[in-house]
Every structure is written in C-alpha cells, then in structure tokens.
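Engineer: Sequence and predicted structure, then a few things I'm wondering about:
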Amino acid sequence: MKYRAEIDGLRALAVIPVILFHAGFELFSGGFVGVDVFFVISGYLITTILIEDIENKRFSIVNFYERRARRILPALFFVMLVCIPFAWMWMLPSQMKDFSQSLVAVSLFASNILFWRESGYFDVAAEEKPLLHTWSLAVEEQYYMLFPIFLILAWRFGKNRVFWMIVVMAAISLLLSEWGWRKHPTANFYLAPTRAWELFSGSIAAFIVQKQGVQKNNVLATLGLALIVFSILFYDETTPFPSVYALVPVLGVVLLVLYAEKETITAKLLSTKGFVGIGLISYSAYLWHQPLFAFARIRSFEHPSALTMFTLSVASLLLAFISSKYIEMPFRFGRYATKWTVIYSSLFGIALFLSMGLTGHFVNGTLTRLTMPANIAYESLGNRISYERLPCNWSSGFDDSDAYDGCIFGDIASLKNIVLVGDSHSQALSYVLNEWAVLNQKRVVWLKMNGCEYMPNLVRNYKSPRVDCNANHEEMISLIKALDADVILSFRWTFRMYPIDEIELDMPYQNSFGDVESETYREYFVYENGNFNTSSASKRRLLENFVTSIASASRTLFLVHPVPETAIDIFKRNFRYWASNGEILPELFIRESDYNSRNKFVVNIFDSLTTDNVVHIRPQNLFCDESKCFLQMNGVPLYLDDDHLGDNGARLIVNEIFSSAQ
C-alpha cells in the first residue's frame with residue numbers, strides 16, 4: 001500500500017482534540033469526534049491492505065492477526081503494566097476492583113462491553129477510569145476479528161457485490177445508531193454494531209480509491225477538513241452520538257481520503273512535519289493520555305487545574321514519543337518483530353493481565369495498599385442504596401402488585417404502620433429508620449412506583465413507551481389508606497425538576513466552590529394534556545398534586561424538604577485527604593446560599609402547602625448554620641457521596657421526624 005503522509009497528519013488532527021477534550025478544555029467541546037476520525041482511518045487502511053492481499057493471493061488470516069497484534073498489543077500492554085503500581089498506591093478498593101475488571105476486559109478485547117455494562121447511577125466517575133479509552137480499541141479489535149473473515153468469504157461473489165454489501169451494512173448500522181441514541185444511548189455509544197458504519201465508511205472509501213486512485217480536488221478536500229474542524233469546535237457532550245450528527249466528521253474524513261491528493265492545499269498542510277510527527281505517535285499518545293488524566297484526578301484533593309491538565313497533555317505526547325520509539329517500533333520492525341516473538345509475547349501479556357485482573361475482582365479490590373479508617377468505612381454506595389440491599393422482608397405481600405415495588409422492615413409483626421415513599425434519598429433513610437422502628441415496635445412499608453418515574457406524569461424520556469402511572473399511583477394511595485399509616489416522603493426533589501424553562505438551574509449541579517456533581521444529566525418532562533413540557537407552572541402543579549394526594553391518604557405526612565446537594569463526593573474527599581495527611585477532614589461544607597439558590601423553586605412550593613396533617617422536615621435547619629451547610633462535622637461524615645446521606649446524616653432526619661410526631 002502506497003504511503004500517504006496526509007493520513008498520518010489526519011491522525012494528529014484526531015488525537016489532539018481527543019486529548020484536549022478529555023483534559024476539559026471547552027474550546028474542544030467536540031474533541032470526542034477524534035475517535036470517529038480514527039475509526040474511518042482504520043476502516044480505510046485495513047480494507048486497503050486486505051483488498052491488496054486478496055487480489056495478489058497472499059492473504060493469510062493468521063498473518064493478518066499477527067500484524068494487528070504487533071501493531072496494537074505491545075504499547076497497550078506496556079501502558080497497562082505502568083498503570084498497575086499507581087492503581088495499587090492511589091485507588092480506593094472499589095476503584096481497584098473496577099480497574100481489575102478493566103484489565104480482564106482489555107485483555108479479552110471487550111472493554112467496550114464492560115464500560116457499557118458498568119455505566120449507570122452507581123458507576124464511578126468515568127474520568128477516574130484509567131483504561132476507559134480502550135473501549136474504542138475494543139471496537140476496532142472486534143472489527144479486525146470479523147471483517148477479514150467476511151471479506152474472504154464474500155469475495156467469491158465478486159468485488160462489486162462485496163462493495164454494495166458493505167454499503168448496505170453501513171446503512172443498517174447507521175440506522176441502528178440513530179435508533180440507539182434515542183432508546184439505549186449508552187449501548188449505542190460503546191457497542192460495535194452502532195459504530196460499525198464509521199469503520200465501513202473507511203472501507204467504502206478504500207474500494208473507491210482502489211478503483212480510481214486518490215483524486216485532486218481542493219474544494220472537496222478543504223470541505224472535508226472544515227467538516228472535521230466544525231464538529232470538533234461546535235459539537236459537545238449533549239450532541240447525540242453516534243447518530244446522523246456523526247456523518248459530519250465521518251464524511252469529512254472520507255472526502256479527505258478520496259480527494260486530498262498530495263498536491264492539494266489540504267494534503268500539503270496535513271503532510272507538514274508537525275502533523276505527521278504527531279500522527280506517527282498518535283496511537284501511543286491516545287493510550288497515555290487517559291491514564292495520566294485519571295490518576296491525576298484520583299490523586300488530587302481538588303480538581304486538577306487547567307495548567308496541570310495542559311502539562312499532562314504535553315506529557316502524554318512525550319511519553320508517546322518514548323513508547324513509540326522503544327516499544328512500538330521494535331515490535332513492528334525491529335529485532336522483536338519475529339512472528340513467534342510477537343505471538344508468545346501477546347499470549348503472555350494476555351495471561352498476565354487476565355490473572356491479575358481476576359485476582360483483583362475476586363478479592364474485591366483489596367489488593368490496593370489503602371485501607372479505610374473505621375470512621376469513613378461505609379459500605380459501597382451501590383450496596384448501601386441498592387433496592388436489593390434494603391433491610392426488607394420479602395414475604396410481606398407488598399411486593400406483589402404491578403403498581404409498585406414494596407417491602408417491610410422494622411418490627412414486621414406490628415400493626416402500627418409507617419409508609420416510606422420516595423427514591424434513593426428515601427432508601428438512604430431506611431437503615432436508621434429500621435433501627436428506630438424495631439426499638440419502637442413500628443412496621444415500615446417501603447413503596448416505590450413500578451415502571452414509572454415515582455411521580456405520576458413525570459417522565460425521564462418523553463420518547464419512551466408510557467405506562468398508566470396515574471393508575472399505579474392511585475393503587476399506591478389506596479394501600480396507604482388501607483394501612484392507616486403515617487407517611488415519610490423523601491425525594492431528590494430538585495434534581496427531578498430540571499430543566500425548568502423559566503428558571504436557571506445548573507445542569508449538572510455546580511456549587512460555588514467549583515465542584516460539579518458526577519450524576520449524568522437527565523431531562524425530566526411533565527406529561528400533561530397530551531403534551532410534554534418543562535414549564536414551571538406544569539411542574540408546580542405536578543409537585544402540588546403529588547404531595548397533596550399522598551397527604552390526603554396519610555394520617556400524618558412527614559414531608560422531607562430537599563437535602564443539600566453538594567457536588568462533593570465526601571467519601572472520596574475524605575479518603576484522599578487521609579491518604580495524604582493521615583487524618584480525615586474535621587469539617588466539610590458548602591455555602592448555604594448554594595442550597596437556597598438550588599432549591600428555592602421546590603421549597604417555595606412546599607412552603608405554600610398548609611394542609612393540617614403535613615409536617616415539614618427541613619434539612620436546611622439540621623445541616624446548615626452560619627451560612628454553611630455541613631457535609632461533615634467534628635470529623636463525622638454525614639453523607640455517603642455528593643447527595644445521599646449516610647447513617648449519621650439520616651439519623652438527624654429520622655430524629656427530627658419523630659420528635660415532631662410527639
């Protein structure tokens with residue numbers, strides 16, 4: 001295959017925006033499209049090689065896989081090996097377990113599947129996963145495994161028909177991604193079927209170039225470059241991806257491949273020494289940048305500064321130069337380039353990382369050198385707030401309805417009922433509430449709407465199929481009446497209100513110290529009179545109707561106002577401070593003004609509810625004092641993470657509820 005310097009220059013245009021995007025520089029808000037650029041380039045190069053080998057009758061599937069292993073694995077395994085001691089020194093046990101699982105997944109070329117499965121409400125912050133970026137390598141590796149087999153089997157039907165088969169497969173994959181971002185956005189992002197069309201676009205370009213050569217067209221080549229730059233500068237994380245939006249950078253790469261003949265202005269620009277030099281080390285640069293950023297964030301007590309992230313970006317290029325020269329090149333072209341050396345080294349590396357990863361998984365990450373002090377040693381958040389981990393008695397009969405999920409705890413033999421209604425914020429109260437109920441001979445019935453977003457007519461995704469949430473809600477109300485119960489109502493209220501068209505709320509939430517919540521932003525809509533909207537009037541009606549309907553069914557309704565959301569993961573903040581200083585923080589707080597500005601919409605609505613049997617429980621009065629809202633007082637943590645209370649904080653709420661009841 002004839003060398004094209006502009007392709008290496010294009011690699012530089014892909015990797016630099018990816019690095020700067022992950023470093024947090026807003027100018028490169030669409031830098032993630034660099035991955036899509038890499039996909040098209042890979043599809044083009046691999047297909048070109050395969051066509052030439054097949055037509056010249058020298059194709060060997062074993063030789064192909066050996067060349068791919070030679071190209072990909074040495075540098076990848078070296079970076080993984082370097083990551084391990086830093087993970088051991090700096091990671092929490094839960095992070096170490098996740099890291100161990102990623103070692104296994106990368107070794108099996110399935111890290112995209114792992115990160116798809118991990119993504120969710122209780123997942124650790126993506127920016128603290130050193131091997132997160134290997135999901136794209138896994139997509140390419142899965143393409144490398146299957147595409148050559150398809151090509152050699154389909155070649156018997158003729159080259160022209162194979163071309164149109166690829167076109168059809170690309171179209172199907174594109175349509176699948178357009179459906180996927182609406183229905184299953186995380187799977188759509190990570191999995192190969194919805195990314196394949198980008199690789200196939202490169203394959204299509206390879207067939208065209210193989211037939212007619214690279215054409216000279218300054219206008220189309222410049223347009224291709226402009227499309228890529230446009231998507232880098234103007235796309236952002238809210239852009240559905242992959243989808244038809246990805247056609248912009250993908251088409252840009254295809255135009256460059258087809259029309260950036262070496263005499264065009266664009267090809268000359270991309271062929272300059274700077275672009276080509278970075279392009280030649282782009283693979284290693286891509287491998288290095290995410291571990292550097294992740295470990296910097298793990299190690300830092302505060303968010304790394306822009307200067308720190310820029311320095312690490314430059315460091316990724318310097319490390320890339322070293323590993324490219326001393327790892328990549330020797331295994332590709334030097335004395336380590338014999339077939340059996342590559343094969344044995346690859347098998348050894350796979351076995352090594354599999355064994356280390358499986359060990360870390362089965363010992364739950366305790367391979368880390370860090371051990372938690374007793375006063376911050378909570379269970380993991382996923383276990384603490386998980387539905388399955390509630391102190392439930394499942395023989396209650398309250399979990400049999402299609403309208404709601406339910407369980408009982410406390411004194412299950414008692415006939416005096418308390419009903420707990422809400423989301424994970426109510427679940428955070430359940431452990432302390434269970435202790436109180438056992439001592440005071442009360443039975444607690446926990447209820448959660450089944451198949452609905454807790455409040456009737458509140459929907460997270462207006463395109464999702466709707467169930468009759470009003471009917472489910474009415475059945476739950478009937479049960480509360482039948483139990484003749486007091487009700488505790490606790491939600492992450494404000495989170496479920498945004499966006500509100502007439503009111504500004506940070507999405508995701510950011511406190512005045514600059515900390516940003518890790519929760520993935522979601523849009524919540526009200527389904528009202530056949531329409532979906534986010535107006536303040538509709539959300540006010542929703543909240544008022546929801547609370548008053550439960551109050552009407554309750555003996556006494558204990559309405560828990562919003563708990564301060566902090567945007568600070570207190571567990572990690574304490575742990576990192578302790579790891580560096582040998583002690584935990586004496587106190588940790590946000591400004592009370594943050595609470596007021598964040599929650600005034602919900603609090604004002606609640607304050608307007610004057611029903612006699614509603615008792616207002618105001619966490620602001622319990623957690624805030626002298627313009628501060630405390631997350632930790634006298635070395636005692638009140639929270640599990642950035643918005644869920646731990647037992648110490650939950651005890652303040654539960655004690656307030658029952659002191660009000662007396």
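Structural biologist: That came in fine, so what should we check first? Residues are numbered from 1 along each chain as shown.
Engineer: Now do the buried residues in the one helix or strand residue 202 maps to.
Structural biologist: Secondary structure assignment for residue 202, by DSSP states H and E: helix 196-212. For helix 196-212, a neighbour-count test (16 or more other Cβ atoms under 10 Å) marks 196-210 as buried. To be clear about C-beta, it is placed using only N, CA and C from the backbone, and glycine gets the same treatment.
Engineer: mind listing what's buried in the next helix-or-strand element following it?
Structural biologist: Going down the chain from helix 196-212, the next helix or strand is helix 218-234, by DSSP H and E. Judged by neighbour count using 16+ other Cβ under 10 Å, the buried positions of helix 218-234 are 220-225, 227-229, 231-232.
Engineer: Save the residues you listed as JSON lines, and put in pLDDT and distance to residue 418 too.
Structural biologist: Listed next are these as JSON lines, based on pLDDT from 0 to 100; distance: Cβ to Cβ, whole Å:
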{"residue": "220", "pLDDT": "97", "distance to residue 418": "70"}
{"residue": "221", "pLDDT": "96", "distance to residue 418": "70"}
{"residue": "222", "pLDDT": "96", "distance to residue 418": "69"}
{"residue": "223", "pLDDT": "97", "distance to residue 418": "66"}
{"residue": "224", "pLDDT": "96", "distance to residue 418": "65"}
{"residue": "225", "pLDDT": "97", "distance to residue 418": "65"}
{"residue": "227", "pLDDT": "97", "distance to residue 418": "60"}
{"residue": "228", "pLDDT": "97", "distance to residue 418": "59"}
{"residue": "229", "pLDDT": "97", "distance to residue 418": "60"}
{"residue": "231", "pLDDT": "96", "distance to residue 418": "54"}
{"residue": "232", "pLDDT": "96", "distance to residue 418": "55"}
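Engineer: how about those residues, which pair is most distant?
Structural biologist: 220 and 232 (19.2 Å; Cβ to Cβ).
Engineer: Domain map for this structure?
Structural biologist: Domain assignment for the chain, taken from automatic domain parsing, gives 5-362, 390-565+604-622+647-660.
Engineer: measure the first one end to end?
Structural biologist: Distance across domain 5-362, first residue to last, is 47 Å (Cα to Cα, to the nearest Å).
Engineer: With stretch 267-278 instead?
Structural biologist: 15 Å.
Engineer: Just the mean pLDDT for that stretch, thanks.
Structural biologist: Stretch 267-278 carries an average pLDDT of 96.
Engineer: in that stretch, what's buried?
Structural biologist: In stretch 267-278, counting by 16+ other Cβ under 10 Å, buried: 267, 269-271, 275-276, 278.
Engineer: In the stretch 51-200 of the chain, mark out all the helices, start to finish.
Structural biologist: Taking DSSP state H, counting those that start in this stretch as the test, the helices found in the stretch 51-200 of the chain are 61-90, 93-107, 111-118, 134-154, 159-183, 185-190, 196-212.
Engineer: returning to that earlier point: redo the domains of the chain as CSV? Include distance to residue 633.
Structural biologist: Formatted as CSV, those follow (distance: least, Cβ to Cβ, whole Å):
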stretch, distance to residue 633
domain 5-362, 19
domain 390-565+604-622+647-660, 9
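Engineer: Which among the ones you listed is found nearest to residue 368?
Structural biologist: domain 5-362 (4.2 Å).
Engineer: what's the spacing between the closest one and its chain's center?
Structural biologist: 18 Å (Cα atoms, centre = their mean, to the nearest Å).
Engineer: The helix holding residue 202 - contacts with which helices or strands?
Structural biologist: Here helix 196-212 touches helix 33-55, helix 134-154, helix 159-183, helix 247-259, going by 3 or more Cβ pairs under 8 Å, 6 or more residues apart in numbering; DSSP states H and E.
Engineer: now do 7 Å
Structural biologist: Here helix 196-212 touches helix 33-55, helix 159-183, helix 247-259, going by 3 or more Cβ pairs under 7 Å, 6 or more residues apart in numbering; DSSP states H and E.
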